[in-house]
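Engineer: The following block contains a protein sequence and its predicted model.
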Amino acid sequence: MEQPQSKKMKDSLTIKTSHVSPPDTNHHGNLFGGKLMSDVDDVASIAAARFARKPVVTVSTDSVDFFKPIRIGDAVTMEAIVTWSGTTSMEVFVKVLSEHLITGEKSIAAFSFLTFVALDENGRPSPVPKAIPESEEEHWLNKTAKSRAAHRQKRKKESRDLADFFSNLSL
């Protein structure tokens, strides 16, 4: 598998803004966490496909950290960017911002990291370009990706061990 040429991280930047409506919220008037996670996966998959210029699949949602509730009537903006790439996989960072549309107050509402794999025409893992950081934020995200990858691998092994354990049980 020959790896495609390098590509700037910013070439993957994907931004999605939407209005928070009552059907998107819980009984507290806050955006459902699951709805936000679905939207995060959607915008992250676009960033990954844009970077690889190939079909992609979500391998894992590595983390979703919620910092502030997003309320009915707010705008929610998700900014996704590929932060690191391996041979066939890519880490994508999503920053979630809430905006009170009347006051203009903006807040960071959540951060998320996801991993995607690019696919070839046969549905097999396919090489992706090397991610090249340029800005200070991109350099930090790229530099710290190795520690997140190590944590991801450890967690994945633990999940496999857990699956093996439960596959041998009859409940």
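Structural biologist: Perfect, I can see it now. The model shown is predicted, which means the values in this text are computed figures rather than measured ones.
Engineer: What sits closest to residue 102 if chain neighbours are left out?
Structural biologist: What sits nearest to residue 102 in space, not counting adjacent residues and going by Cβ to Cβ, 6 or more residues apart in numbering, is residue 73, at 7.9 Å. From N, CA and C alone the C-beta is placed, and that goes for glycine too.
Engineer: Likewise for residue 65?
Structural biologist: residue 111 (5.1 Å).
Engineer: residues touching the one you found, list them.
Structural biologist: 63, 64, 65, 67, 93, 94, 95, 96 (Cβ atoms under 8 Å, 6 or more residues apart in numbering).
Engineer: you'd agree the third one is in a helix?
Structural biologist: No. The assignment for residue 65 (DSSP: H, G, I helix; E, B strand; the rest coil) gives strand, which keeps it out of a helix.
Engineer: So in this protein, which strand runs the longest?
Structural biologist: strand 106-118 (DSSP state E).
Engineer: residue ranges with poor pLDDT in the protein?
Structural biologist: Low-confidence segments of the chain (pLDDT under 70): 1-3, 171.
Engineer: Centroid-nearest residue for it?
Structural biologist: residue 114 (3.6 Å; Cα atoms, centre = their mean).
Engineer: Verify the stated contact: it with residue 43.
Structural biologist: No. Counting by Cβ atoms under 8 Å, residue 114 does not reach residue 43; the two are 9.8 Å apart.
Engineer: hey, what's in contact with both of the two?
Structural biologist: Shared contacts of residue 114 and residue 43, counting by Cβ under 8 Å, 6+ apart, come down to residue 94.
Engineer: could you give the angle of the host helix or strand of residue 140 to strand 106-118?
Structural biologist: Under the criterion of DSSP states H and E, residue 140 resides in helix 136-143. On the basis of axes from the mean of the first three to the mean of the last three Cα atoms, to 10 degrees, helix 136-143 is oriented at 40 degrees to strand 106-118.
Engineer: ok, longest helix in this structure?
Structural biologist: In the chain, taking DSSP state H as the definition, the longest helix is helix 145-167.
Engineer: Which strands and helices lie in contact with that one?
Structural biologist: Counting contacts by 3 or more Cβ pairs under 8 Å, 6 or more residues apart in numbering; DSSP states H and E, helix 145-167 is packed against strand 56-66, strand 75-85, strand 89-99.
Engineer: Reformat these as a markdown table; add mean neighbour count and distance to residue 130.
Structural biologist: Compiled in a markdown table, those are given as follows (neighbours: other Cβ atoms under 10 Å; distance: least, Cβ to Cβ, whole Å):
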| stretch | mean neighbour count | distance to residue 130 |
| --- | --- | --- |
| strand 56-66 | 16 | 16 |
| strand 75-85 | 23 | 6 |
| strand 89-99 | 23 | 10 |
